[in-house]
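[1] turn this into a model:
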Amino acid sequence: MPTTEILWQLFLVFLGAKLAGELALRLRLPAVVGELVVGIALGPHALALVGVPGPDLLGYAGSAKHAGELLHGVFDILGQLGVIILLFVVGLEMRVEDIAAVGPRALVVAVGGLSVSFVLVFAFGQAFGLGSLTSVFLATALVATSAGIAARVLGDLGQLQTNAARLILGAAVIDDILGLVAVGVVGGIASGRGISALAIVTLAAETSAFVLFVALVGRRIIRAYSVHLDRLRLPNATFAAALALCLGLAALAGMVGLAAIVGAFLAGMVVAETREHVDLDRQIRPLYDLLVPIFFVISGTRTDLTMLGNPSLLMLVGGVTALAMLGKLIGCGLGAIGVTVRDRLVVGVGMMPRGEVALIVAGIGQSVGAISESLFAVIVVASIATTIVAPPALKWLLTSGSFGAKLTDETHRRDPRNDDLTLVD
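    Alright, predicted model coming up:
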């Protein structure tokens, strides 16, 4: 039966994630680095132990193509569940007031990182001889930060409650929303339909309305009615209701054109308003430990390092990766107005990892013929590279001295208007 084959590959993914995560932690690296590396090693482009259909699956599907699609579909669903749970847990540790406190600044950080990254990568694509449409897709794919990876690294380092971490996560959520608006724009251009300014404004208004409704109205509803969950006789009724809200808002976000992780993050923030949020965080941890590492290992399995043997593609990968990271470091760092120099660096590095949106844009570009298979691989490798480089750099910045709200250096003081830190000139 193909079920046995799929379960065996999932066993390898989970075991590999835990062993590699343990090794990474012993080497004083975030566990996510080990999970990505073991994914590359286990994947179809290396040991081919994961992501490659076996005899049972081939016999069941009838062809190698269908078997591959089936296996990819299973892994994709599990990976998406992992990143949804990840963002829900992060949301549990964030209150609406926490994000609102950095809201304007987070918007500036997100816009700065997006715009600088887009300009640098697009210009490089043009200089490299790529067509205008291809350069647009390449730049769009590499502008959006992976909120999931940024959250995982900050969580592993125990920094989620610092001001800079709140700024990174707030900016990453806004970044994801703006990135998906950009997906709609380039998708319309590529299809030959074009897209009007009115359509862009309408799409932005719809997404903003969704976020504001859930964040502001949703928490009032949950505060008013969460107490009634105690009357239910179902075991762990509060946990079941919170998980249903997480999955429901993730699905609803997808329906309105947003990434599912935006809905999951908002669900976590809403549930954080209840008195049971501490117990919920404890109850969901086993699910977190199961699914979240799977997401990162599966991301690693999709990386083909053999393409780096082509000097031209190697140069392209190196260029777009360096510029994608530099764009975030410059744009987000400059956008983090009013915080210390160290925190600006932390914000810039924390916004470097690319992930889900990059793959979405690359897939759209491939479907309309704007992205070739080799360029698709370039985008994937660049995304993985930013993901591998950012965690140790972020760890070094966070542990090389005092950080964020924990800074006690005499050259810093608290701004009495908020809880952020400002640099004394």
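[2] number of residues surrounding Thr202?
    Residues near Thr202, counting by other CB atoms under 10 Å, number 11. From N, CA and C alone the C-beta is placed, and that goes for glycine too.
[3] do the one 10 residues further on as well
    Close neighbours of Leu212, defined as other CB under 10 Å, add up to 12.
[4] give the next helix or strand downstream of the one helix or strand it maps to.
    Per DSSP states H and E, Leu212 falls inside helix 197-212. For helix 197-212, the following helix or strand on the C-terminal side (DSSP H and E) is helix 219-225.
[5] other residues contacting that following helix?
    96, 245, 269-271, 273-274 (CB atoms under 8 Å, 6 or more residues apart in numbering).
[6] next: stretch 309-326.
    Outside stretch 309-326, the residues within contact range by CB under 8 Å, 6+ apart are 117, 120-121, 124-125, 128, 138, 142-143, 307-308, 352, 354, 374-375, 377-378, 381-382, 385-386, 389-390.
[7] tell me which of these fall in helices.
    Judged by DSSP state H, helices contain the following of these: 117, 120-121, 124-125, 138, 374-375, 377-378, 381-382, 385-386, 389-390.
[8] of all residues in the chain, which one is nearest the centre?
    Against the mean C-alpha coordinate of the chain, by CA atoms, centre = their mean, the closest residue is Ser146 at 2.5 Å.
[9] in the stretch 201-350 of the chain, which spans are helices?
    Applying DSSP state H, counting those that start in this stretch to the stretch 201-350 of the chain gives helices spanning 219-225, 237-255, 260-271, 277-301, 311-335, 341-350.
[10] among those helices, which is the most enclosed?
    Among the helices of the stretch 201-350 of the chain, ranked by average contacts under mean count of other CB atoms under 10 Å, first place goes to helix 260-271 (a mean of 28).
[11] which strands and helices sit next to that helix?
    When contacts are defined as 3 or more CB pairs under 8 Å, 6 or more residues apart in numbering; DSSP states H and E, helix 260-271 packs onto helix 64-92, helix 147-156, helix 163-190, helix 219-225, helix 237-255.
[12] shouldn't the residue nearest to the centre of the chain be in contact with Gly350?
    No - at 10.7 Å, Ser146 does not count as touching Gly350 under the criterion of CB atoms under 8 Å.
[13] give me the common contacts of these two.
    Counting by CB under 8 Å, 6+ apart, the residues touching both Ser146 and Gly350 are Ala172.
[14] surely Gly113 and Ile168 touch.
    No - the pair Gly113 / Ile168 is not scored as a contact, 10.5 Å apart, by CB under 8 Å.
[15] ends of stretch 19-37, how far apart?
    11 Å (CA to CA, to the nearest Å).
[16] mind checking the pLDDT average for that stretch?
    Across stretch 19-37, the average pLDDT comes to 85.
[17] same deal with stretch 132-150?
    Per-residue pLDDT over stretch 132-150 has a mean of 81.
[18] span of that stretch from start to end?
    31 Å.
[19] so where is the stretch 151-300 of the chain shaky, pLDDT-wise?
    Applying pLDDT under 70 to the stretch 151-300 of the chain flags residues 176-177, 179-181, 183-197, 199-200, 203-204, 207, 224-230, 257-259.
[20] hmm, back to that, from the ones in helices among the contacts of stretch 309-326, list just the buried residues.
    Taking 16 or more other CB atoms under 10 Å as the criterion, what is buried in the ones in helices among the contacts of stretch 309-326 is 117, 120-121, 124-125, 138, 375, 377-378, 381-382, 385-386, 389-390.
[21] out of those residues, who's nearest Val201?
    Ranked by distance to Val201 (CB to CB), those are led by Ser117 at 22.7 Å.
[22] how about that closest one: what's its closest non-neighbour residue?
    Using CB to CB, 6 or more residues apart in numbering and skipping residues adjacent in sequence, the residue nearest Ser117 is Gly327, 3.0 Å away.
[23] which residues are in contact with that neighbour?
    Shown in contact with Gly327 (CB under 8 Å, 6+ apart): 113, 116-121, 143.
[24] same thing with Ala20?
    For Ala20, the contacting residues are 31, 34-35, 37-38, by CB under 8 Å, 6+ apart.
[25] among the residues you listed, name the ones in helices.
    31, 34-35, 37-38.
[26] want to throw those into a markdown table with neighbour count and distance to Ser367?
    Shown next, in a markdown table, are those (neighbours: other CB atoms under 10 Å; distance: CB to CB, whole Å):
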| residue | neighbour count | distance to Ser367 |
| --- | --- | --- |
| Ala31 | 22 | 34 |
| Gly34 | 26 | 33 |
| Glu35 | 27 | 29 |
| Val37 | 21 | 30 |
| Val38 | 27 | 30 |
